[in-house]
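K.L.:
Predicted structure and sequence below. I'll ask about it afterward.
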Amino acid sequence: MKKSVVLFSLMITVLAIISYSCKKEEPITEPAPAERKKCAWVSGQIDSTGFGVILFSADSGETWVRQAQNLAGLQGVDVIDIWAVDENKVWAIGSKNVILKTINGGQTWTQVMAPTNNANPELMAISVVDKTNIWISGDNGTVYNSTNDGSTWTMFDTSIFSNGGMQGIWAISQQKVFVVGGISGGNERGFIGYTINGGLSWDSVVPENDFNKNEWIGVTAYENTIVVYGRKAHYIVSNDGGTTWTNDSVEGTGGGGGPADINHLVMLNSLTWWGAFDEGQIFITTDGGISWAAQQTDAGGFYLIGLDAWDAQLALVVGTSLSWPQKGPLLKTAIGGNLWERKFLYNSPLTKVTFIKR
């Protein structure tokens, strides 16, 4: 082979290597996460139709339509709590041991079989973690868990929870869950239970200075900050995942002869919490409970018992009137609570409201 041919072949090879090594690599782009839609659902008690209520808004609470109207599973059933996993899957629970689910945004709702070895308790609170792990609590010491999206359920021994009314439940993870409520028998006393192993074993929190003297209504958490709240504006907070607790209360919540109950508390982060109270009161803290600011509403004749926030600006609140016949207000703010506007007054009490969860 001639020397010139060999040299030419070598040059071609070098140029090919340089061209390949200098080729601009295409950036690897991850698909953008789907935008969380500003859909909202509201649960409510039996209205004039004889059925429990589920309302839906596709536009952040401006307009509402009814879902599951005349559904057999809702006849004579109060819907007590509701949780939107995403724009398609929503859970609702209520009286008579009723559990409902939709997987198409509420176009159709189906009743999910609950444990039958329980005497039709009123189910009071629901918390869903990792989309398919569901925790439910209710009266008579009821606590359920499903790890397979409701196909089967575990019912825990009611004596663990002193057979009390477990009004609040929050699953921090599949393993770590808090359950709170009140123990009947003369004076209502608070109960706080928790598990760190998915319910294999349970323990309880006993706050200092007899802070369990009033019953607890709910529990919520954001990362390592956990807040248990209840009657007479009192609450306890842990900033270390439940290892230590601090007793506290919200000042200035007068009405009804004493401090107003904290009926629902939502955490936007570890420092910013929004609370719904008796006597139409809404309070907010932006420093983790060191100070609280009252927000003006025109709902003085109502108990506000359900609240959810999309972000620091947009939130919805629902409740019930004090007098008969009871009606349910729905309030909305789009400016961080500087103004709360009543969107409507429903003809039965409204219990909870949910945006799509983060």
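P.N.:
Good, I have the coordinates. Keep in mind that what you see is a predicted model, and the values were worked out from it rather than measured.
K.L.:
Low-confidence stretches in the protein?
P.N.:
1-34, 185-187, 255-257 (pLDDT under 70).
K.L.:
where along it do the helices fall?
P.N.:
3-21 (DSSP state H).
K.L.:
For Trp340, which residues are in contact?
P.N.:
Contact analysis of Trp340 by CB atoms under 8 Å, 6 or more residues apart in numbering lists 282, 295-299, 317, 331-333. All C-beta spots, glycine's among them, are computed from the backbone N, C-alpha and C.
K.L.:
Need the phi and psi values for it.
P.N.:
phi -110, psi 120 (degrees, to the nearest 10).
K.L.:
So Ala92 is in contact with Gly44, correct?
P.N.:
No - Ala92 is beyond contact range of Gly44, at 10.3 Å (criterion: CB atoms under 8 Å).
K.L.:
And the nearest residue to Ile192 once chain neighbours are set aside, how close does it get to Asn247?
P.N.:
Using CB to CB, 6 or more residues apart in numbering and skipping the chain neighbours, the partner closest in space to Ile192 is Val205 (4.0 Å). With distances taken as CB to CB, to the nearest Å, Val205 is found 11 Å from Asn247.
K.L.:
intersection of neighbour lists for those two?
P.N.:
Ile236.
K.L.:
give the contact list for Val206.
P.N.:
Listed by CB under 8 Å, 6+ apart, the contact set of Val206 reads 192, 212.
K.L.:
Neighbour count for Ala92 and Gly44, which is higher?
P.N.:
Ala92 (32 against 29; other CB atoms under 10 Å).
K.L.:
so that one bridges to which residues?
P.N.:
Ile82, Leu100 (DSSP bridges).
K.L.:
Next: Gly328.
P.N.:
Tyr346.
K.L.:
Which one's more surrounded, Val205 and Asn247?
P.N.:
Val205 (20 against 13).
K.L.:
just checking, that one touches Gly242?
P.N.:
Yes - in this structure, Val205 is within contact of Gly242 by CB under 8 Å, at 7.3 Å.
K.L.:
what touches both of these two?
P.N.:
Tyr194.
K.L.:
Could I have the buried ones of the contacts of Trp340 as ChimeraX selection syntax?
P.N.:
Buried subset of the contacts of Trp340, written as a ChimeraX selection, criterion 16 or more other CB atoms under 10 Å:
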select :282,295,297,299,317,331,332,333
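K.L.:
Of all pairs in the contacts of Trp340, which one is the farthest apart?
P.N.:
Across the contacts of Trp340, no pair lies farther apart than Gln296 and Lys332, at 13.9 Å, counting by CB to CB.
K.L.:
Now for Ile282: which residues touch it?
P.N.:
Ile282 neighbours (CB under 8 Å, 6+ apart): 274-276, 294-295, 297, 304, 307, 317, 337, 340.
K.L.:
How about Asn97?
P.N.:
Contacts for Asn97 (CB under 8 Å, 6+ apart) come out as 114-115, 118, 120-121, 123, 138.
K.L.:
Repeat the analysis, applying 7 Å as the threshold.
P.N.:
114, 118, 120-121, 123 (CB atoms under 7 Å, 6 or more residues apart in numbering).
K.L.:
Check Tyr144 too.
P.N.:
By CB under 7 Å, 6+ apart, the residues touching Tyr144 are 114-115, 136, 153-155.
K.L.:
Please tabulate those residues in JSON lines, including the columns distance to His264 and neighbour count.
P.N.:
Conversion of these to JSON lines gives the following (distance: CB to CB, whole Å; neighbours: other CB atoms under 10 Å):
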{"residue": "Ala114", "distance to His264": "24", "neighbour count": "23"}
{"residue": "Pro115", "distance to His264": "26", "neighbour count": "16"}
{"residue": "Ile136", "distance to His264": "17", "neighbour count": "29"}
{"residue": "Trp153", "distance to His264": "25", "neighbour count": "18"}
{"residue": "Thr154", "distance to His264": "27", "neighbour count": "12"}
{"residue": "Met155", "distance to His264": "26", "neighbour count": "15"}
